[in-house]
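Q: Let me see the structure of the following:
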Amino acid sequence: MGRHGWNPGAGRWRLTALLGVGAAVVALVVALLNALPGGASTEGTTRDGGTVHGTPAAPRDADEPYVGWGFTHTQFSADEGSAAATGRVERLLSQGGGLPQDQAIMGWGADNPEPVKGRYDFAALDRRVDFVRASGGVPVITLCCAPDWMKGGRAGAGNTDWSRPALETAPTPGHYADFAALAATVARRYPDVRHFIVWNEFKGFWNDAGGRWDYEGYTELYNLVHRALKQVNPRIMVGGPYLVMDSVDPRRGDDAAAAPRGPWGAMDQRVLDAFSYWNTHKAGADFVVVDGSSYTKDDELLPDEFAATDKLTAVGRWVRQQTHGLPLWWAEYYVEPADGNDDRKGWTEQHRVAVQAAGMIAMVKGGASSGFYWNPEEEKGGGCPGCLWTPTATAGGGQALPMYGLVSRFDRAFGPGAAYETVSVAPDAVPDVRVLATDRTVLVVNTLDRTISAEVDGKRFEMKAYEVKWLQR
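A: Model (predicted):
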């Protein structure tokens, strides 16, 4: 199966006239031999999905409910491409001490893990896990999405529907237990993966009739998966609900919540209702996971792109209060609205990095201890706005980009166990900068598109437009 994000028909095996009649007959016989009664092909699958793959690495922070600041692998990543380029990224990551790395079990670069019930294809996921191990990363797995036969589709290798509507369909209630069993199989296969996120953004869990989230269905699935993983290893860390913390213009009285709200907007009450139900009825959680953007559902940056990041602080504080201090993860976070193709190309890279830095500071101030940057790596060369490194398809690829510098340094400076301190900021600089500090490091962000003079922590210095500056104490 081909690598994909939303690539319909990716990698489907086809016979062509060029194969010749004899080859076609051989292929047909092979296909019949590899088909179960009913026509579901098992070609390329095995029964031993739960067998330990490769050489598990000694898991770092295995018994801690946090992992730090890292990134999510998407459709194209550094596990494939030129050996020189992929090796360059491996070294880049490992030399920096490794970063937490998240990967879904189906989609975003991973194939259908169980095309037929009890028959597994983990080749692509194996490759991603191998890359995380080789680059010294902390592996995290998001348990999404579900094989077709669990959601009303066709079983069989080659029958996977990779369209976006199909991928975003949740398992039917009758298959929740099957999905939990798949989660347990994944946990047995990769025993060094000790942090699991259950599902992604409530995909497929919208109740059309009620005009609200099907939080009862999601919570039922979550609880079955939670119990299945804990049976594999009680020390596995499990978190959810991975809700998109949508906000709206506060003047929208129908969906706007009374709190949290601020100049950035108001939370969507339907999201808060879903979160509260999960929080009350969950079987347990070692950490809580959310997802969201600083802008509203209508892509409004209120009152501007930097001040809008205050939403991430307000949401974090609300979530931590509701969960009585569970460690908080942001599975995804966005500060730049996307265009119609879901691309974010409207800002300069300097501007983008500055607002990202402000967003990460805001998440920390809201109590977050872990977060994953959604890495938009391109398959081939050309511009790659917001990417962590250049595409690895060619030998010259895999070069670090400015966003990698921000994410990797942020993890080193403000990773697990960081003790934050308040530092002085001169009154004339307060409106123009965002600051985060420990006893060793101070991060300062210029929020203006012009040079300023700022005094922070007793030091006066100039900052260029949208500059991100690191100070050592």
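Q: Excluding residues flanking it in the chain, which one is nearest residue 445?
A: Leaving aside its sequence neighbours, residue 445 sits nearest to residue 434 (CB to CB, 6 or more residues apart in numbering; 4.3 Å). All C-beta atoms are positioned from the backbone trio N, CA, C, and that covers glycine.
Q: pretty sure that neighbour is in contact with residue 361, am I right?
A: Yes - between residue 434 and residue 361 there is a contact at 5.1 Å, judged by CB atoms under 8 Å.
Q: Now do the shared contacts for those two.
A: Common contacts of residue 434 and residue 361, defined by CB atoms under 8 Å, 6 or more residues apart in numbering, comprise 309, 445.
Q: circling back: neighbours of the residue nearest to residue 445, how many?
A: 22 (other CB atoms under 10 Å).
Q: check which helix or strand covers it.
A: If you go by DSSP states H and E, residue 434 is part of strand 433-437.
Q: So what are the sheet partners of the next helix-or-strand element following that strand and their directions?
A: The helix or strand immediately downstream of strand 433-437 is strand 441-446, counting by DSSP H and E. Strand pairing for strand 441-446, using DSSP bridges, gives strand 433-437 (antiparallel), strand 468-472 (antiparallel).
Q: Please identify the most buried of those strands.
A: Ranked by mean neighbour count, these are led by strand 433-437 with a mean of 21 (mean count of other CB atoms under 10 Å).
Q: Settle this for me: residue 166 is touching residue 153, isn't it.
A: Yes - using CB under 8 Å, residue 166 is in contact with residue 153, at 6.6 Å.
Q: Flag every buried residue along stretch 212-231.
A: Going by neighbour count (16 or more other CB atoms under 10 Å), the buried part of stretch 212-231 is 213-215, 217-219, 221-226, 228-230.
Q: Low-confidence regions, this protein specifically.
A: Along the chain, the model assigns pLDDT under 70 to residues 1-39.
Q: So what touches stretch 189-196?
A: In contact with stretch 189-196 (CB under 8 Å, 6+ apart) are residues 49-53, 56-59, 62-63, 67, 122, 129, 133, 138-143, 183, 186-187, 225, 229, 233, 235-239, 287.
Q: no wait, stretch 211-227
A: When contacts are defined by CB under 8 Å, 6+ apart, stretch 211-227 is touched by residues 143, 170-171, 173, 176-177, 179-180, 183, 196, 198-199, 202, 205-207, 238, 240-241, 243, 270-271, 273-274, 277-278, 281-285.
Q: can we see that at 7 Å?
A: Defining contact as CB atoms under 7 Å, 6 or more residues apart in numbering, one finds that stretch 211-227 is touched by 143, 171, 173, 176-177, 179-180, 183, 198-199, 202, 205-207, 238, 240-241, 270, 273-274, 277-278, 281-284.
Q: count of residues packed around residue 93?
A: 26.
Q: Do a quick rundown of the helices in the stretch 51-200 of the chain.
A: Using DSSP state H, counting those that start in this stretch, the helices assigned to the stretch 51-200 of the chain run over residues 83-95, 123-134, 164-167, 176-189.
Q: Please name whichever of the strands paired with strand 441-446 is nearest to residue 100.
A: Across the strands paired with strand 441-446, residue 100 has its closest neighbour in strand 433-437 (18.7 Å, CB to CB).
Q: so how far is the first residue of stretch 117-130 from its last?
A: 25 Å (CA to CA, to the nearest Å).
Q: Next: stretch 357-373.
A: OK, stretch 357-373 end separation, CA to CA: 11 Å.
Q: What separation is there between residue 96 and residue 432?
A: Here the criterion is CB to CB, to the nearest Å. By it, residue 96 lies 30 Å from residue 432.
Q: actually residue 317, not the one I wrote
A: From residue 317 to residue 432 the distance is 24 Å (CB to CB).
Q: thinking again about what came up before, can you say which of the contacts of stretch 211-227 are buried?
A: Here, 16+ other CB under 10 Å leaves 143, 171, 176, 179-180, 183, 198-199, 202, 205, 238, 240-241, 270, 274, 277-278, 282 buried among the contacts of stretch 211-227.
Q: Phi first, then psi, for residue 328.
A: Note on residue 328: its backbone torsions stand at phi -110, psi 130 [degrees, to the nearest 10].
Q: gap between the residue nearest to it when sequence neighbours are not counted and residue 408?
A: Spatial nearest neighbour of residue 328, excluding adjacent residues (CB to CB, 6+ apart): residue 368 at 4.6 Å. To residue 408, residue 368 is 17 Å away according to CB to CB.
Q: more neighbours, these two?
A: Using other CB under 10 Å as the criterion, residue 368 and residue 408 rank with residue 368 on top: 26 against 22.
Q: Now do the contacts for that one.
A: Contacts for residue 368 (CB under 7 Å, 6+ apart) come out as 316, 328, 329, 330.
Q: Tell me which two in those residues are the farthest apart.
A: Largest separation among these by CB to CB: 316 and 329, giving 10.3 Å.
Q: mind listing what the residue nearest to residue 445 touches?
A: By CB under 7 Å, 6+ apart, residue 434 lies in contact with 358, 361, 445, 447.
Q: Can you pull out the residues in contact with stretch 326-343?
A: By CB under 7 Å, 6+ apart, the residues outside stretch 326-343 that reach it are 65-66, 72, 197, 239, 242, 285, 287-295, 299, 305, 309, 312, 316, 319-320, 344-347, 352, 355-356, 359, 363, 367-372, 374.
Q: For the one helix or strand residue 354 maps to, enumerate the helices and strands it packs against.
A: Element membership of residue 354 [criterion: DSSP H and E] is helix 349-365. The contact analysis (3 or more CB pairs under 7 Å, 6 or more residues apart in numbering; DSSP states H and E) places helix 349-365 against helix 310-322, strand 328-334, helix 402-414, strand 433-437, strand 441-446, strand 468-472.
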